[in-house]
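> this one's structure only:
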């Protein structure tokens, strides 16, 4: 009698646990999905630019510099696309836990693609002819954030070589945040363009700079929140953070 009563209770408990696990898995994909959505428009724009370069046109006043020297922009678009998508998948905790080898393999592609993206971005800032509304402030911001992206990725790689997972995650998160600046800049520049048209040199620089600052602020919040969350999990016996 007791055994027959325990079986339904056990089945109910297992079903409840399975449902909770399923919800956690779905929640774990919310951040990667949001990051991929944020990068969608820049990736599509980059794909369009590649198609135009392959077809030989149309050539506009803004794009003539790309046709004159296409290699840097082609390398930039391809590396940014890889960096955006692979980086987003690294934020899926279930993927890190269940497939650590795949997580590490993606990381080996992520760091080089991020570095190529940053270095080509710096090259284009320094050597491509500037547009009429590219102010000195915007050029300076691009150089500062591009350099910081390189530093972040190098420090993140160095940290994982020392098996310092906490610092690795922190620096890689910062580097990824800078690399995703184009997506957020659509959200900062877009409303201005909708309401007032093309921004002038100073507003454009400030709005684009705001995209990088917002991303870094969110990244820093996530970095500082993670150790506290991990400490709570250890105290409650839920386990330790998964190694990258």
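On my side now, so go ahead. In this text the structure is predicted, and so the values were computed from the model without any measurement.

> what about the strand or helix carrying residue 118, distance to the chain center?
Assigned by DSSP states H and E, residue 118 belongs to helix 100-127. Relative to its chain's centre, helix 100-127 lies at 11 Å (CA atoms, centre = their mean, to the nearest Å).

> next: stretch 117-131.
20 Å.

> elements contacting the helix holding residue 118?
If you count contacts as 3 or more CB pairs under 8 Å, 6 or more residues apart in numbering; DSSP states H and E, helix 100-127 packs onto helix 70-89, helix 93-98, helix 136-161, helix 165-179. Heads up, the C-betas are built off the backbone N, CA and C, glycines and all.

> how about it: buried residues?
Neighbour-count burial for helix 100-127, with 16 or more other CB atoms under 10 Å as criterion, is recorded at 103, 106-107, 110-111, 113-125.

> gap between residue 34 and residue 170?
To residue 170, residue 34 is 20 Å away according to CB to CB, to the nearest Å.

> neighbour count winner among these two?
Set residue 34 next to residue 170 and count neighbours by other CB atoms under 10 Å: residue 170 wins out with 22 against 12.

> what's the closest non-adjacent residue to that one?
residue 223 (4.4 Å; CB to CB, 6 or more residues apart in numbering).

> helix, strand, or coil at residue 131?
What DSSP: H, G, I helix; E, B strand; the rest coil gives for residue 131 is coil.

> which residue is the nearest non-sequential neighbour of it?
Leaving aside its sequence neighbours, residue 131 sits nearest to residue 62 (CB to CB, 6+ apart; 6.2 Å).

> residue closest to the middle of the chain?
What sits nearest the mean C-alpha location of the chain, by CA atoms, centre = their mean, is residue 176, with 4.0 Å.

> quick check: that residue vs residue 49, distance?
22 Å.

> same question, residue 98
In this view, residue 98 and residue 49 are 36 Å apart by CB to CB.

> which one's more surrounded, those two?
Between residue 98 and residue 49, counted using other CB under 10 Å, the more crowded position is residue 49 (17 against 12).

> surely the more buried one is in contact with residue 80?
No - counting by CB atoms under 8 Å, residue 49 does not reach residue 80; the two are 11.1 Å apart.

> residue 39 against residue 180, yeah?
Yes - here residue 39 reaches residue 180: they are 6.3 Å apart, a contact under CB under 8 Å.

> who touches both of these two?
residue 84 (CB atoms under 8 Å, 6 or more residues apart in numbering).

> for the strand or helix carrying the residue nearest to residue 170, buried residues please.
Per DSSP H and E, residue 223 falls inside helix 201-235. Residues of helix 201-235 classed as buried by neighbour count (16+ other CB under 10 Å): 204-216, 219, 222-223, 230.

> against which helices or strands is that helix packed?
Under the contact criterion of 3+ CB pairs under 8 Å, 6+ apart, helix 201-235 touches helix 136-161, helix 165-179, helix 181-196.

> what angle separates it from helix 136-161?
20 degrees (axes from the mean of the first three to the mean of the last three CA atoms, to 10 degrees).

> check contacts around residue 137.
201-202, 205-206, 209.

> in JSON lines: the residues you listed, plus pLDDT and distance to residue 195.
Formatted as JSON lines, these follow (pLDDT from 0 to 100; distance: CB to CB, whole Å):
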{"residue": "201", "pLDDT": "95", "distance to residue 195": "18"}
{"residue": "202", "pLDDT": "96", "distance to residue 195": "17"}
{"residue": "205", "pLDDT": "97", "distance to residue 195": "18"}
{"residue": "206", "pLDDT": "97", "distance to residue 195": "15"}
{"residue": "209", "pLDDT": "97", "distance to residue 195": "19"}
